[in-house]
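# give me coordinates for this.
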Amino acid sequence: MRKIIAISQVTVDGVMQGPGTPEEDPSGGFTKGGWAMPFVDDALQRVIADTMSEDADLLLGRRTYQIFERFWPKQGPNVVVNAFNRATKYVVTRSLDQLEWKPSQKIGGDVVSELRRLKASGGEPLHIWGSSELLQTLIASDLIDEYRLWIVPVVMGAGKRLFEKGVPAHDLKLVATQRMPSGVLVNTYRPARASTVA
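Residues are numbered from 1 along each chain as shown. I've put the predicted structure just below:
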């Protein structure tokens with residue numbers, strides 16, 4: 001069984017929109033993109049390198065795939081570029097017919113059924129970066145096996161959140177935590193077997 005691992009930079013108030021640059025995701029009038037970058041220190045760079053050294057494929061929503069496709073293949077060789085280029089990119093989309101960033105595969109139709117089938121197929125874990133809309137579907141369908149949250153010490157007040165209104169209540173178990181000198185908390189959670197809130 002393949003695991004789906006959600007890797008998200010989030011603010012203290014749970015916003016995950018546009019951590020990298022102001023232009024990354026201005027949808028909904030979001031103007032505060034790039035909030036995570038001032039907190040990327042050497043320790044967090046090591047966490048990123050460790051994450052990228054894992055054997056994993058990518059599971060991405062259409063918007064995140066397009067953002068990544070425009071940016072990462074044009075960067076010089078580094079640990080992130082190398083990992084993203086070699087990974088099979090499974091892209092959930094109804095509108096894209098051609099996926100130019102190889103190797104890529106389209107997932108359409110009944111997304112939940114397709115992802116259950118993909119998980120059952122065996123193989124490398126699936127890392128999902130960004131993809132806030134897809135995440136809501138995965139969370140609601142209990143398809144996330146692990147959350148790796150890089151909690152940045154800022155409050156945004158508005159923007160797309162990792163856990164939007166309407167996701168089912170459920171418990172998470174903290175299985176690992178690290179504090180970066182910049183103040184970022186790197187926490188790993190897994191869904192709890194027994195829930196106190198559901």
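
# state the phi and psi torsions of the spatially most central residue of the chain.
The chain has residue 129 as the residue nearest its centroid, 2.2 Å off, counting by CA atoms, centre = their mean. In this entry, residue 129 is assigned phi and psi values of phi -110, psi 140 (degrees, to the nearest 10).

# is it true that it touches residue 58?
Yes. With contact defined as CB atoms under 8 Å, residue 129 reaches residue 58; the gap is 7.1 Å. From N, CA and C alone the C-beta is placed, and that goes for glycine too.

# OK, contacts around residue 137?
Applying CB atoms under 8 Å, 6 or more residues apart in numbering, we find residue 137 in contact with 111, 112.

# in three-state terms, label it for me.
When classified by DSSP: H, G, I helix; E, B strand; the rest coil, residue 137 comes out as helix.

# hey, what's the residue nearest to the centre of the chain bridged with?
Counting by DSSP bridges, residue 129 is bridged to residue 7.

# give me the buried positions along stretch 24-34.
Neighbour counts using 16 or more other CB atoms under 10 Å place 24, 25, 30, 32, 33 of stretch 24-34 among the buried residues.

# pick the one among those closest to residue 54.
The shortest approach to residue 54 among these belongs to residue 24, at 23.6 Å (CB to CB).

# what about the closest one, which SS state?
Per three-state DSSP, the local secondary structure of residue 24 is coil.
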